[in-house]
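[1] Compute the structure for the input listed below.
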Amino acid sequence: MLIQLAYVALGGALGAVLRFLTGLGAVRLFGTGFPMGVILVNLLGSFLMGVFVVYAAKRGLMHLSPFVMVGLLGGFTTFSAFSLEAFTLFERGQTGAAALYVLLSVVGSILALMLGVWMTRGVLA
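    Numbers count the residues shown, from 1 in each chain. From the prediction side, this is the model:
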């Protein structure tokens, strides 16, 4: 268990650094008018999650999941894990559950962020 935690931690650190560098690169390329860095890491991370899931399953490399999926891609973007879960529900034929998961995750997360901002502003005011 400790070895898996170390893999998650190492992958997470690398993923976070890559996310930071991608964000810096996006600001240099596109400016700060639109959050292109976030979009880039979410799209790239989701794409790489899809590639890894299929490749690892076919090649017997799922033991690398703690490092790659949870750590590296999770540190790079948690949106990749969200995308995988939504797709898995959809692929299982649970279309309603997939739609609800997406709605609750996206709208719920935005609302939770708003609530956190408002509450903290109230406390710190």
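[2] Now do the strands in this structure.
    For the chain, no strands are identified by DSSP state E.
[3] what ranges of it fall below the confidence cut-off?
    Scanning the chain for pLDDT under 70 picks out no residues.
[4] just so I have it, where are all the helices in it?
    Assigned by DSSP state H, the chain shows helices spanning 2-30, 36-59, 65, 74-76, 79-91, 95-124.
[5] Most tightly packed of these?
    helix 74-76 (a mean of 23; mean count of other C-beta atoms under 10 Å). (Glycine included, C-beta is placed from N, CA and C.)
[6] any residues touching that helix, and which ones?
    Residues outside helix 74-76 that contact it (C-beta atoms under 8 Å, 6 or more residues apart in numbering) are 8, 11-16, 18-19, 22, 41, 44-45, 48, 80-81.
[7] change it to 10 Å
    8-20, 22, 41-42, 44-45, 48-49, 66, 68, 80-81 (C-beta atoms under 10 Å, 6 or more residues apart in numbering).
[8] Same question for stretch 34-43.
    15, 18-30, 73, 76-80, 82-83.
[9] Please repeat the previous calculation with a cut-off of 6 Å.
    Residues from elsewhere that reach stretch 34-43, judged by C-beta atoms under 6 Å, 6 or more residues apart in numbering: 19, 22-23, 26, 30, 76-77, 79.
[10] Restricting to C-alpha, output it in PDB.
    This file holds the C-alpha atoms of stretch 34-43, laid out as PDB (Å, rounded to 0.1, in the frame of the first residue of the first chain):
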ATOM      1  CA  PHE A  34      -9.800  33.300 -21.700                       C
ATOM      2  CA  PRO A  35      -8.700  30.300 -19.500                       C
ATOM      3  CA  MET A  36      -7.000  28.400 -22.400                       C
ATOM      4  CA  GLY A  37      -4.600  26.700 -20.000                       C
ATOM      5  CA  VAL A  38      -7.400  25.000 -18.100                       C
ATOM      6  CA  ILE A  39      -9.100  24.000 -21.300                       C
ATOM      7  CA  LEU A  40      -5.900  22.600 -22.700                       C
ATOM      8  CA  VAL A  41      -5.100  20.500 -19.600                       C
ATOM      9  CA  ASN A  42      -8.600  19.200 -19.400                       C
ATOM     10  CA  LEU A  43      -8.800  18.200 -23.000                       C
END
